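Participant: just the structure for this:
(one chain, ligands or ions: 1)
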Amino acid sequence: MERVFNFAAGPAALPLPVLERAQQEMLVYGETGVSVMEMSHRSKMYLEIFDRAQGAFRRVFNVPENYKVLFLQGGATGQFAAVPLNLLKTEADYADTGNFAHGAMVEAQKYGKVNTLTSSREDNYTYIPEIKPEMVSKDADYVHITTNNTIFGTRYAAVPDTGDVPLVADMSSNILSEKTDVSRFGVIYAGAQKNIGPAGLTVVVVREDLIGHAAPDCPKVFDWQKQADADSMLNTPPCYSIYIAGLCFEWLEGLGGVEAIEKVNIEKAAMLYDLIDNSKLYKNSVRPDCRSRMNVPFVTGDADLDAKFVKEAAKNGLINIKGHRLVGGMRASIYNAMPIEGVQKLCGFMKKFESENA
Ligand SMILES: *Cc1c(COP(=O)(O)O)cnc(C)c1O
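Facilitator: Purely as a prediction, here's the structure:
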């Protein structure tokens, strides 16, 4: 069978050149006589792979010197707990802008006083409410936001101003998709399986002054200080996921980096939103200024017709386009690895489906 265009929200499509390279190197990596999966994580060869991946990430994400990059496990969901365990002393403010944002907030409530800074929950998360510095709690240790809401298809158009209070961001679904001024954030974390590489790796970028404050009962694998001291190898890291992520970073760098892919991402998203806005059949409920460039949800308004769309799209080599159960309808996830040809093909299919079913 041929490869198809995979619009899955995560684990998501990986760049074809990365998969091909990994295929070539799979049985025997370099002069080692073994695969990357079989190497000791302490071996010289693996440490080279690890350092290359870290270095490439620092370059493509433009990480300033005073930030540590940790390659951890436990997913973004693990960091929902790790963030309060490392930072929450007095209270923390959370922006409730989606299912994961809400989940992060509920998890943090286990560890201390958590405030809902703002919420669009009542409006089914169809927009990102504004955050102003004067809204932030006086004693907040940090403000937590989710920069792209994967399920509802919303995105912060600008980094909110939280004054002197560190901003902590879950960037799982839009990291590396657009230029990011890392210095505006105290902590950035992301599960890898959307825009970084395979599942299993969690990237945490943390400003050095925010390291070293973990609660005494913080599990050591979640203690950013202990992990930074151990170069993210307090225990066995997700070796193969890190290797593939490294290839993805180098692939992105080869394309011209985040600046270049951002242009493509804007173009891909615009193609879909223009089609939806000019269509009589499809509808996207997100406030236009909050629309995600990574996850584009749309509905026909008729659940049976939605199901038919998903089924026929799959027959046409456009898979995993069913929307999340909280939203229904369809969702096209168009991360960095989705080529523009995939979006063009989807647009062609959408027009044809509309003409046949309107
Ligand atoms: C997918 C996702 C998560 C969950 O990530 P895991 O790595 O599965 O824990 C959290 N936040 C956002 C924004 C996501 O898109």
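Participant: tell me where the stretch 251-358 of the chain is predicted with low confidence.
Facilitator: By pLDDT under 70, the stretch 251-358 of the chain contains no weakly predicted segment.
Participant: residue of it closest to the ligand, please.
Facilitator: N295 (8.3 Å; CB to the nearest ligand atom). Bear in mind the C-beta positions are built from the backbone N, C-alpha and C, glycine included.
Participant: wait, what's in contact with the residue lying closest to that residue once chain neighbours are set aside?
Facilitator: Spatial nearest neighbour of N295, excluding adjacent residues (CB to CB, 6 or more residues apart in numbering): G153 at 4.6 Å. Residues near G153 by CB atoms under 8 Å, 6 or more residues apart in numbering: 284, 286, 291-292, 295-297, 327, 331.
Participant: repeat for G103
Facilitator: By CB under 8 Å, 6+ apart, the contact set of G103 is 77, 80.
Participant: quick one: it is in a helix?
Facilitator: Yes. Counting by DSSP: H, G, I helix; E, B strand; the rest coil, G103 is located in a helix.
Participant: and it, how far from F185?
Facilitator: 20 Å (CB to CB, to the nearest Å).
Participant: swap in F50?
Facilitator: Applying CB to CB to F50 and F185 gives a distance of 24 Å.
Participant: ok, now S137?
Facilitator: Distance from S137 to F185, by CB to CB: 18 Å.
Participant: buried residues in the helix or strand harbouring K311?
Facilitator: Secondary-structure assignment from DSSP states H and E places K311 in helix 303-315. Of all the residues in helix 303-315, those buried under the rule 16 or more other CB atoms under 10 Å are 305-306, 309-310, 313.
Participant: again, but for stretch 90-101
Facilitator: 92-101.
Participant: what about whichever residue of the stretch 201-350 of the chain sits closest to the ligand, how many residues close to it?
Facilitator: Nearest to the ligand in the stretch 201-350 of the chain, going by CB to the nearest ligand atom, is T202, at a distance of 6.3 Å. Residue crowding around T202 was assessed by other CB atoms under 10 Å; the count is 25.
Participant: that one touches A82, doesn't it?
Facilitator: No. With contact defined as CB atoms under 8 Å, T202 does not reach A82; the gap is 9.0 Å.
Participant: residue contacts, P15?
Facilitator: 248, 251, 336-337.
Participant: recalculate using a threshold of 7 Å.
Facilitator: 248, 251, 337 (CB atoms under 7 Å, 6 or more residues apart in numbering).
Participant: picking up where we left off before, so for the residue nearest to N295, what's the pLDDT?
Facilitator: At G153, the model reports a pLDDT of 98.
Participant: what distance do you get for it to the ligand?
Facilitator: Distance of G153 to the ligand, given as CB to the nearest ligand atom, to the nearest Å: 11 Å.
Participant: and that residue, how far from L234?
Facilitator: Counting by CB to CB - G153 and L234 are separated by 36 Å.
Participant: now N6
Facilitator: Noted for N6: a distance of 34 Å to L234, by CB to CB.
Participant: run through the residues of the stretch 1-150 of the chain sitting next to the ligand.
Facilitator: 10, 75-77, 100, 146, 150 (CB under 6 Å from any ligand atom).
Participant: try 8 Å
Facilitator: By CB under 8 Å from any ligand atom, the residues of the stretch 1-150 of the chain that approach the ligand are 9-10, 74-80, 98, 100-101, 103-104, 146-150.
Participant: ok, and does the longest helix along the chain reach over to the ligand?
Facilitator: If you go by DSSP state H, the chain has its longest helix at helix 257-277. No. Shown here: helix 257-277 not in contact with the ligand (CB under 8 Å from any ligand atom), separated by at least 15.9 Å.
Participant: so what secondary structure elements neighbour that helix?
Facilitator: Contacts defined by 3 or more CB pairs under 7 Å, 6 or more residues apart in numbering; DSSP states H and E place helix 257-277 against strand 295-298, helix 340-357.
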